[in-house]
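Chemist: 3D, please:
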Amino acid sequence: MTPTRPSALALIPLLLFLAIFFGAGLYYTAAGEEMGFYQLRAPVAILPALALAALVAWRRGVRPGETLLQGMGDPNIVLMCLIFLLAGAFAQVSKTIGAVDAAVSLGLAILHPSLLVPGLFLIACAVSLAVGTSMGTIAAVMPIAVGVADAAGLDRVLVAGAVVGGAMFGDNLSVISDTTIAATRTQGAQMRDKFRENLRIALPAALATLVLLALAGEPAPVQAPAAAPAWLALPYLVVLALAVAGLDVLLVLGIGLALSGAFGLLALEGYGLERFAADIWTGFEGMVEILLLALLVGGLAGLTKASGGLAWLAQLIARIARGHVGRRTGEFSIAALAAAADTFTANNTVAILVGGGVARDIAARHGISPRRAASVLDIFACVPQGLLPYGAQLLLASSLAAVSPIALAGGVWYCWLLALVAIGFMAWPRRPGADPAPAATPP
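Modeler: Numbering: from 1, shown residues only. Just a heads-up that it's a prediction; the model follows:
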């Protein structure tokens, strides 16, 4: 298909979706509904936006039906959907056989009550840094974290936000993360150089998050769950170990599901194949809403990109940056490009790939090194990804924790702090020669 000309009009459908979704949530909340943002479900709110995006695509010579299906069938979108399903099934089966209670008991025995939340944040950081995927980290850690939160009387939003923040720590920093790989490749940077540059920003944000989480209120007296054999926690421990070992997230969740089912069949009285199958289906049902939204958001992003919306956005930011020369201008332009692209695609890897060429051009014009450009590009693609209520990370986390994704967005303190530290780092004056080897102008 011949690329279409850049067009601001192509961005309007996503803005329409956000206006409908957030507008309805605010309206029902103001009207006194306790769950205001659940009155109009996101997969329904996005339908008018899809219709408008299809119309815009058709008017610009793009085949809307074919483009919609290509966006929905993107390998990243399909992978997310499979993760959603397996995570839901694993969580449900593990809960039924008592694995959650056993894991919670172990967690309460290891962590002091006053350090539960920062401890869970550290665990999520360690797992995500090892596996390089925020989705796999959330799927593995969140069920345990929710059980600990309930047993200790902690706010679920606070605990879920800590886990998501820890997951995004590794998503942004790990050398095997797809965002890190995409950022270094598009900017021509060395992986080790980008890691060091990124660590200077991510580490202060993580330390500040730990301090704030440790000070965030006093937990109620811990109410430990009913006694459960410690060996029932083995499925969770195996999942964490396999994830840290770098095994594919689908395989990790599949092994965890099979192991939980085997424990139930062998050790739980009255738990047969029919109950196991029913629990798997119940877990699937709990993920239907976020699975549908992930598919539809993928289709909307595909239509937006094919209609020239992302190209127009990149062109606008590049034009603004071209008029003002200097390191700060260039870095803030790359940050704005990455954040805007991620907001409109709800996929940080895609956002980096879409804006990578423009970011490299901006870096070359403003004397920014490849490692620096890759670090800024990666950080500001990951920050909004951890805060978008319609992004895969918050959808999975909110579903597993049974909290509103809107409320959860405000609880991911690490992402907010990472953005603040990164902005301060970019604004801080630097001595001449501190950022050597500017990126080469792309051919």
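Chemist: other SSEs contacting the longest helix along the chain?
Modeler: Longest helix in the chain, counting residues (DSSP state H): helix 191-215. Identification of packing neighbours for helix 191-215 by 3 or more C-beta pairs under 8 Å, 6 or more residues apart in numbering; DSSP states H and E yields helix 116-131, helix 156-173, helix 178-187, helix 370-385, helix 413-427. For every residue, glycine as well, the C-beta is placed using N, CA and C.
Chemist: Following the chain onward from it, which element is next?
Modeler: Counting by DSSP states H and E, the next helix or strand C-terminal to helix 191-215 is helix 234-244.
Chemist: Next, the buried residues of the longest helix of the chain.
Modeler: Going by neighbour count (16 or more other C-beta atoms under 10 Å), the buried part of helix 191-215 is 191, 193-195, 197-198, 201-202, 204-206, 208-210, 212-213.
Chemist: How about stretch 329-342?
Modeler: For stretch 329-342, the neighbour count (16+ other C-beta under 10 Å) marks 329-342 as buried.
Chemist: Identify, from the residues you listed, the entry nearest to Ile255.
Modeler: Relative to Ile255, the closest of these is Asp342; by C-beta to C-beta it sits at 31.3 Å.
Chemist: In contact with the closest one, which residues?
Modeler: Asp342 makes contact with 348, 351, 380-382, 384-385, 388, according to C-beta atoms under 8 Å, 6 or more residues apart in numbering.
Chemist: where are the low-confidence patches of the stretch 51-200 of the chain?
Modeler: Low-confidence segments of the stretch 51-200 of the chain (pLDDT under 70): 100-101, 103-109, 111-113, 130-131, 176.
Chemist: next one: the stretch 301-443 of the chain
Modeler: 321-325, 354, 430-443.
Chemist: Now do the helices in it.
Modeler: 309-322, 327-345, 348-365, 370-385, 392-401, 405-411, 413-427 (DSSP state H, counting those that start in this stretch).
Chemist: looking at those, which is closest to Gly119?
Modeler: helix 413-427 (14.5 Å).
Chemist: Ala189 versus the spatially most central residue of the chain, what's the distance?
Modeler: Nearest to the geometric centre of the chain sits Gln393, at 3.4 Å (C-alpha atoms, centre = their mean). Distance, Gln393 to Ala189, by C-beta to C-beta, to the nearest Å: 25 Å.
Chemist: now swap in Gly386 and tell me
Modeler: 23 Å.
Chemist: same thing with Ala336?
Modeler: 20 Å.
Chemist: same deal with Arg200?
Modeler: Distance from Arg200 to Ala189, by C-beta to C-beta: 15 Å.
Chemist: related to what we said a few turns ago, tilt between the longest helix of the chain and helix 413-427?
Modeler: 130 degrees (axes from the mean of the first three to the mean of the last three C-alpha atoms, to 10 degrees).
Chemist: Run the angle between helix 191-215 and helix 156-173 for me.
Modeler: Using the same axes, to 10 degrees: helix 191-215 against helix 156-173 is 170 degrees.
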